[in-house]
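Student: kindly return the folded structure for what I paste below:
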Amino acid sequence: MTDAAPDEIDLDYARAIADRANRYMDLYAIAPTPENFSIWFSYSRGDVPELKRTIDVLIAGKKRFDAMTSRELHKTYIASGFTAEIAGDLPEQFKSVMTDASQYVSDAIADNQTQMLAMDEMADQASSGIDPKHLVKRLMGELNNAATRSSQLQSNLSETSRELDAIRESLNHAEQRANTDTLTGLPNRRAFDECLRIAQIEAMEGGLPLGLLMIDIDHFKRFNDNFGHGVGDQVLRLIATTLRDRLRENDLPARYGGEELIAVLPGATLAVCEAVGERIRRSIAECRLTRRSTGETLPGVTVSIGIAQFRFGESITQLIERCDEALYLAKRTGRNRIVTELRVEGRSVG
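Tutor: Purely as a prediction, here's the structure:
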């Protein structure tokens, strides 16, 4: 019954799920708000595998479900429409193809039933003394018709298969476009959020480190104002290329927004993140830019980088906030440098 739409759930089943959700909330001392209830109802029902997986990991790690954690779960898996996979969202083209395919099969079944009746009738006629030549001729006709229908069905289904392949390719391209920043060619914020969510779960399950780099182009507004947005766009593309080239194969670079870029480094400690960040910072600082239209040498471009490491059980928002604080400190203390969350915490303690 877990596959039924919300308005199709049996009343007794819904009550059982609600009771289970309430028991979970009592067990983990969770405030009975509508948002929290929606999280635990979905968890109890098991209709969002990623939500269930995340909560199971948090429970195994004895993580408290405080207000911050609950907000993050609701925002990520409930409010974001994570479960919105309903037939009404399928393209009309897909619906049309499926309707045609269903009709092909229905026609084939009907034809087969008609043929079986004809064969039974001929068997009865054979035992009643009808001219065998007539029966053989009729039988040959039925077999030829069956072969023709089979060939036509095969042709129709082959065409349907080709149309489905075209739809699948179109959907893959659409998904790729939806996840890609058009200017830099990097994954966009949407793709980054999904990648970090998966990396967070894997880090908790495997007890592995997870690093995050936030990169901001120094004085980018001034650069845009002095040389124009066209040149500014070229600088962003250059930074994106450098980021791709200097990251490891399993890392994910993305454009976070404006002149900010970000990178997820699965399995990376702070020391590894610092080494990777330094390669990126140095490579960009050593670039020499020339304006193609005039041959004019442009000022050098530098970046500031903040680094943070995921802590078991924390929300994605908390991780990003610590990384952003490290980036802010890098910019405040001179730019063109790397600052980790440890330095931010050391400054706070001091």
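
Student: all strands for this structure, in order.
Tutor: 210-217, 252-257, 260-266, 303-309, 338-340 (DSSP state E).

Student: quick check: bridge partners of the closest residue to residue 250 other than its chain neighbours?
Tutor: Take residue 250 and drop its neighbours on the chain: the residue closest to it by Cβ to Cβ, 6 or more residues apart in numbering is residue 266, 5.9 Å away. (C-beta placed from N, C-alpha, C; glycine too.) With DSSP bridges as the criterion, residue 266 is bridged to residue 210.

Student: next one, pLDDT for residue 266 please.
Tutor: According to the prediction, residue 266 has pLDDT 96.

Student: so who does it touch?
Tutor: Applying Cβ atoms under 8 Å, 6 or more residues apart in numbering, we find residue 266 in contact with 199, 202-203, 208, 210, 250-251.

Student: now with 7 Å?
Tutor: By Cβ atoms under 7 Å, 6 or more residues apart in numbering, the contact list for residue 266 reads 199, 202, 210, 250.

Student: quick one: neighbours of the first one, just the number.
Tutor: Right, the one you point to is residue 199. 23 (other Cβ atoms under 10 Å).

Student: now do the residue lying closest to it once chain neighbours are set aside against residue 190, distance only.
Tutor: Of all residues not flanking residue 199 in the chain, residue 266 sits nearest, at 5.0 Å (Cβ to Cβ, 6+ apart). Distance of residue 266 to residue 190, given as Cβ to Cβ, to the nearest Å: 19 Å.

Student: for residue 243, same thing?
Tutor: 18 Å.

Student: residues contacting the closest residue in space to residue 333 that isn't next to it in sequence?
Tutor: Closest residue in space to residue 333, ignoring its immediate chain neighbours: residue 339 at 7.2 Å, by Cβ to Cβ, 6+ apart. Residues in contact with residue 339 (Cβ under 7 Å, 6+ apart) are 306, 326, 329-330.

Student: out of those, flag the one nearest to residue 185.
Tutor: Ranked by distance to residue 185 (Cβ to Cβ), the contacts of residue 339 are led by residue 306 at 23.4 Å.

Student: wait, the closest one touches residue 331, no?
Tutor: No - counting by Cβ atoms under 7 Å, residue 306 stays clear of residue 331, with 8.8 Å between them.

Student: those two: who's more crowded?
Tutor: residue 306 (28 against 18).

Student: in space, what's closest to residue 69 - neighbours in sequence excluded?
Tutor: residue 315 is the one closest to residue 69 (Cβ to Cβ, 6+ apart), at 6.0 Å.

Student: got phi/psi on that neighbour?
Tutor: phi -80, psi 160 (degrees, to the nearest 10).

Student: neighbour count for residue 243 and residue 190, which is higher?
Tutor: Comparing residue 243 with residue 190 by neighbour count (other Cβ under 10 Å), the higher total belongs to residue 243, at 24 against 13.

Student: ok, the more buried one to residue 185 distance?
Tutor: From residue 243 to residue 185 the distance is 11 Å (Cβ to Cβ).

Student: again with residue 68
Tutor: Residue 68 is 34 Å from residue 185, by Cβ to Cβ.

Student: next one: residue 287
Tutor: 18 Å.

Student: likewise residue 65?
Tutor: 39 Å.

Student: comparing the two, which residue is more hemmed in?
Tutor: residue 65 (22 against 12).

Student: which segments of the protein make up each domain?
Tutor: 6-78, 88-178, 190-349 (automatic domain parsing).

Student: for this protein, which residues score under the pLDDT cut-off?
Tutor: Scanning the chain for pLDDT under 70 picks out 1-10, 80-139, 141-143, 146-147, 149-150, 152-154, 156-158, 160-177, 347-350.

Student: all helices of it, in order?
Tutor: 11-27, 34-45, 49-60, 67-73, 92-126, 132-178, 189-206, 220-227, 229-246, 270-285, 316-332, 341-349 (DSSP state H).

Student: centroid residue for this protein?
Tutor: Against the mean C-alpha coordinate of the chain, by Cα atoms, centre = their mean, the closest residue is residue 194 at 5.1 Å.

Student: contacting residues around the residue lying closest to that one once chain neighbours are set aside?
Tutor: Once flanking residues are discounted, residue 194 sits nearest to residue 179: 8.0 Å by Cβ to Cβ, 6+ apart. Neighbour list for residue 179: 187-188, 190-191 [criterion: Cβ under 7 Å, 6+ apart].

Student: now the buried members of these.
Tutor: 187-188, 191 (16 or more other Cβ atoms under 10 Å).

Student: among the residues you listed, which one sits closest to residue 159?
Tutor: residue 191 (34.3 Å).
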